[in-house]
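Participant: Got a predicted structure here, sequence first:
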Amino acid sequence: MAESEFRAIIRLGDKDIKGEVPMGHALTKPKGSSFMFANAICKVLNLDIKKKCGAYDLKEIEKIEDAIRNPSKYNIPTWLMNRRKDRETGEDKHLLSSDLDLTKQFDIRAMRKIKSYKGVRHAAGSKKVRGQSTKSTGRKGSVATRKKETK
């Protein structure tokens, strides 16, 4: 492979990644893509995990991008996807970056609307949502303390 074909920056899942990063590590960079998911992509597409991501050509990058966006098309198990049994459609999805953030916001908004316990905690703001202990921790943002003035 000629040195001119090596690219300094590639784009995967709406994220710019330096070309010197190994492909196994580069696939974990987009938000919503985990280490296990990256390994599965490498295994399915027969990619070398240690090969630098800048060394891949455009066709291979497009195939990798398609595998990240549509993992079910490449027979990646559903338990690796980050949105299983979606509320509206009932299908298994894998969301990345801004889609993941937007869906999370919609879920929180729906919880607030139906006034579920989690929704009420989210609406209250700086309260714990998932049943954590609140007696001794989580005090930082709620009550401001003031030192006594010394004369």
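Facilitator: Now that the structure is in, tell me what you want to look at.

Participant: Could you chop this structure up by domain?
Facilitator: 3-80, 96-131 (automatic domain parsing).

Participant: worst average pLDDT in those domains?
Facilitator: Of all the domains of the chain, the minimum mean pLDDT falls on domain 96-131 (a mean of 83).

Participant: ok so, going back, so which of the domains of the chain gets nearest Gly90?
Facilitator: domain 3-80 (12.4 Å; CB to CB). No exception for glycine: its C-beta is placed from N, CA and C like everyone else's.

Participant: the helices in the protein, which residues?
Facilitator: For the chain, helices defined by DSSP state H occupy the ranges 23-26, 35-44, 58-69, 97-114, 117-124.

Participant: Name all residues that make contact with the nearest residue to Thr28 once chain neighbours are set aside.
Facilitator: Using CB to CB, 6 or more residues apart in numbering and skipping the chain neighbours, the partner closest in space to Thr28 is Ala38 (4.8 Å). Listed by CB atoms under 8 Å, 6 or more residues apart in numbering, the contact set of Ala38 reads Gly24, His25, Leu27, Thr28.

Participant: quick one on the thing from earlier: of the helices of the chain, flag the one that's most buried.
Facilitator: With neighbours defined as mean count of other CB atoms under 10 Å, these peak in mean count at helix 23-26, which reaches a mean of 20.

Participant: Report the contact partners of the most centrally placed residue in the chain.
Facilitator: Centroid-nearest residue in the chain: Gly32, 1.7 Å away (criterion: CA atoms, centre = their mean). Contacts for Gly32 (CB under 8 Å, 6+ apart) come out as Gly13, Asn82, His94, Leu95, Leu96, Ser97, Asp99, Leu100.

Participant: Please consider this matter closed, and thank you.
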